[in-house]
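**Student:** Sequence plus the predicted model coming up.
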Amino acid sequence: MRSEELIACYPRLYHMAQDGSWPLIQRLGLLSTAALVEAFGVEDPRREAIVAEHRPSSMTIRSTVYGDAVVRDQIPMRDSILDRVLGEVMTPADWYRLLNSFVFFWPTEARLLTLLSARAYRGRAHTVLVVDTARLLDHHGERVRLSPINSGSTLFDARPRGRATFHTIDDYPFAEMRRRRGLASAIAEIAVGGGVSPIDPVLVAVTRRQQAEVLEEVWTAPANHSSRCPADAADRRPAVPLPVLVDG
């Protein structure tokens with residue numbers, strides 16, 4: 001796949017975050033779970049439990065510098081099914097560590113709405129971030145990976161998975177997937193290693209939503225901004241350094 005195709009087919013990407021998390025995201029960026037617990041100084045054994053074990057419910061972590069943050073649950077995952085679909089290549093702990101090294105975006109609003117409407121999430125509000133795909137690739141393209149499956153779920157038709165599930169843009173078999181599944185399902189997820197920090201340069205809008213209903217427009221990129229970036233990152237605390245993503 002070419003970057004130009006990704007931008008043309010999926011010009012906006014969507015992330016569902018914990019309600020109320022926008023001030024911290026604005027301050028630190030949208031961090032992966034692993035990067036977040038690093039920034040918060042979470043120590044073992046709790047750190048290992050967060051990044052390498054299944055989270056049946058959300059967990060709150062605390063920092064004297066940043067306050068509280070919520071690490072989202074992994075309700076759609078089951079270790080017993082992971083054992084089967086991972087085979088002998090990886091353990092569930094390996095898979096959780098890999099997932100927790102990424103921040104995930106949905107390539108279409110329809111996929112976002114599916115998650116917002118899921119039984120575990122439909123009864124409450126969530127913060128939704130919309131990012132510009134072109135700007136994301138400009139700033140973080142070397143750490144972007146594409147997945148043909150919902151890597152964080154094993155509940156429905158669990159597919160085999162492993163490190164090779166996550167492709168670079170150049171290596172993703174887009175033409176084949178589009179021919180087999182159609183454009184809307186050709187890519188299931190866009191992942192960014194480490195996260196997106198700072199977030200402002202790639203951001204289009206932030207809303208609070210409950211299922212399809214927009215409850216509040218939290219932040220919108222200035223309409224008269226002259227560059228490709230919707231907002232400067234001035235007057236922010238220094239971003240948390242993000243790790244270089246290494247395959248293998």
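**Tutor:** In hand now; what should we look at?
**Student:** Quick check: which element contains the most centrally placed residue in the chain?
**Tutor:** The centroid of the chain falls nearest to residue 104 when counting by Cα atoms, centre = their mean (1.7 Å). Using DSSP states H and E, residue 104 sits within strand 102-105.
**Student:** Enumerate the beta-bridge partners assigned to the residue nearest to the centre of the chain.
**Tutor:** Per DSSP bridges, residues listed as beta-bridge partners of residue 104: residue 191.
**Student:** which residue ranges form the strands in the chain?
**Tutor:** Taking DSSP state E as the test, the strands found in the chain are 12-17, 30-31, 59-63, 67-71, 102-105, 126-132, 144-147, 189-193, 195-196, 203-210, 213-220.
**Student:** Need the winner for burial among these.
**Tutor:** strand 195-196 (a mean of 27; mean count of other Cβ atoms under 10 Å). C-betas here are computed from N, CA, C, even on glycine.
**Student:** what's near enough to touch the spatially closest residue to residue 146 that is not a sequence neighbour?
**Tutor:** Nearest residue to residue 146 in three dimensions, chain neighbours excluded: residue 172, at 4.4 Å (Cβ to Cβ, 6 or more residues apart in numbering). Residues in contact with residue 172 (Cβ atoms under 8 Å, 6 or more residues apart in numbering) are 1, 146, 148, 187.
**Student:** Out of the residues you listed, the closest to residue 91 would be?
**Tutor:** Taking Cβ to Cβ as the measure, residue 91 sits nearest to residue 148 out of those, at 21.9 Å.
**Student:** How about the contacts made by the closest one?
**Tutor:** Counting by Cβ under 8 Å, 6+ apart, residue 148 has contacts 165, 172, 173, 177, 186, 187, 188.
**Student:** May I see the residues you listed organised as a markdown table, with pLDDT added?
**Tutor:** Formatted as a markdown table, the contacts of residue 148 follow (pLDDT from 0 to 100):
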| residue | pLDDT |
| --- | --- |
| 165 | 96 |
| 172 | 98 |
| 173 | 98 |
| 177 | 97 |
| 186 | 98 |
| 187 | 98 |
| 188 | 97 |
